[in-house]
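Chemist: coordinates for the following, if possible.
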Amino acid sequence: MHHSIEIANLSYAYPDGHQALRDVSVYIEPCEKVALVGPNGAGKSTLILHLNGILTGEGMVCVAGLPVIKENLGRVRARVGLVFQSPDDQLFSPTVYDDVAFGPLYQGLPLDEVDARVKEALETVHMSGYAERVSHHLSVGEKKRIAIATVLSMQPEVLVLDEPTAGLDPRARRSLINLLHDLPITMLVSSHDMLMVRELFPRMVIMDEGRVVADGDTATLMDNEALLNTHGLEKP
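Modeler: So this is what the prediction gives:
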């Protein structure tokens, strides 16, 4: 069995010279749910963008057993569902149906299979009645769900989310947490929402200044107030 996510000795500097990642190594097993936490500028989003080859640094990144290299990007992107912080970065079609169908159509699946996948993805995010709606008329919480559906329709092995609860009201946040809780899939989620992290993720990776500074059992790390304070995190 392969790791779902394998990151070994990954370093990355932006073109302006800013060193965003320094020798990062993280291994995630199939169906493990892991939170990525740390202050802004810690490198969390930069790390996430390496998982489907949007950025490429020095070191090794493998997802679902595939090295993330140029010749594999099509296959990698089908296996890694990346959901950005702002759903508007992900939704651009005339209707919700078209947005969710985009990936499977791009993969060249037959139309009846595309249709089945759209229905299944919308059902999974509890948005079945929304197929004909226009995405930009939806609430932020609804848009987040549709953005998740657009990657679930590709049937990925790994789901990667950047700040999924950002900008949600309490009810939308709660329903999103319940949704993530029920998904039987490997998950890496970057978040400042420490209450959600404590509730959903048995394991947590803390990053600061481009390094992994802690990686372990969430409850244990959350109890270590000195560690949290050092890295600008609040105990929930």
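Chemist: so where's the chain shaky on pLDDT?
Modeler: The chain contains residues with pLDDT under 70 at 1.
Chemist: please, where are all the strands along it?
Modeler: Listed in chain order, the strands of the chain (DSSP state E) span 5-13, 19-28, 33-37, 58-63, 66-67, 80-83, 158-162, 186-190, 203-208, 211-217.
Chemist: the first one vs strand 33-37, what angle?
Modeler: This means strand 5-13. 20 degrees (axes from the mean of the first three to the mean of the last three Cα atoms, to 10 degrees).
Chemist: for strand 5-13, packing partners?
Modeler: Strand 5-13 sits against strand 19-28, helix 44-50, strand 58-63, with contacts defined as 3 or more Cβ pairs under 8 Å, 6 or more residues apart in numbering; DSSP states H and E. In short, each C-beta sits where N, CA and C put it, glycine included.
Chemist: ok, now the fifth one?
Modeler: Judged by 3+ Cβ pairs under 8 Å, 6+ apart, the packing partners of strand 66-67 are helix 73-79.
Chemist: please export the C-alpha coordinates of the helix it packs on as PDB.
Modeler: Taking C-alpha atoms only, helix 73-79 is exported to PDB below (Å, rounded to 0.1, in the frame of the first residue of the first chain):
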ATOM      1  CA  LEU A  73      -0.100  16.100 -13.600                       C
ATOM      2  CA  GLY A  74      -3.300  15.000 -15.300                       C
ATOM      3  CA  ARG A  75      -3.500  11.800 -13.300                       C
ATOM      4  CA  VAL A  76      -2.500  13.500 -10.100                       C
ATOM      5  CA  ARG A  77      -5.100  16.200 -10.400                       C
ATOM      6  CA  ALA A  78      -7.800  13.600 -10.900                       C
ATOM      7  CA  ARG A  79      -6.700  12.000  -7.600                       C
END
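Chemist: before we move on, the earlier item: let's have the helices and strands packed on strand 5-13 in JSON lines, adding mean neighbour count.
Modeler: Shown next, in JSON lines, are these (neighbours: other Cβ atoms under 10 Å):
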{"stretch": "strand 19-28", "mean neighbour count": "18"}
{"stretch": "helix 44-50", "mean neighbour count": "22"}
{"stretch": "strand 58-63", "mean neighbour count": "19"}
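Chemist: okay if I get those as CSV plus distance to Leu221?
Modeler: As requested, those are exported to CSV (distance: least, Cβ to Cβ, whole Å):
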stretch, distance to Leu221
strand 19-28, 14
helix 44-50, 16
strand 58-63, 24
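Chemist: before we move on, back to that, got the strands of the chain as a markdown table, with distance to Ala131 columns?
Modeler: What follows is the strands of the chain, written out as a markdown table (distance: least, Cβ to Cβ, whole Å):
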| stretch | distance to Ala131 |
| --- | --- |
| strand 5-13 | 32 |
| strand 19-28 | 33 |
| strand 33-37 | 29 |
| strand 58-63 | 30 |
| strand 66-67 | 32 |
| strand 80-83 | 19 |
| strand 158-162 | 21 |
| strand 186-190 | 25 |
| strand 203-208 | 36 |
| strand 211-217 | 40 |
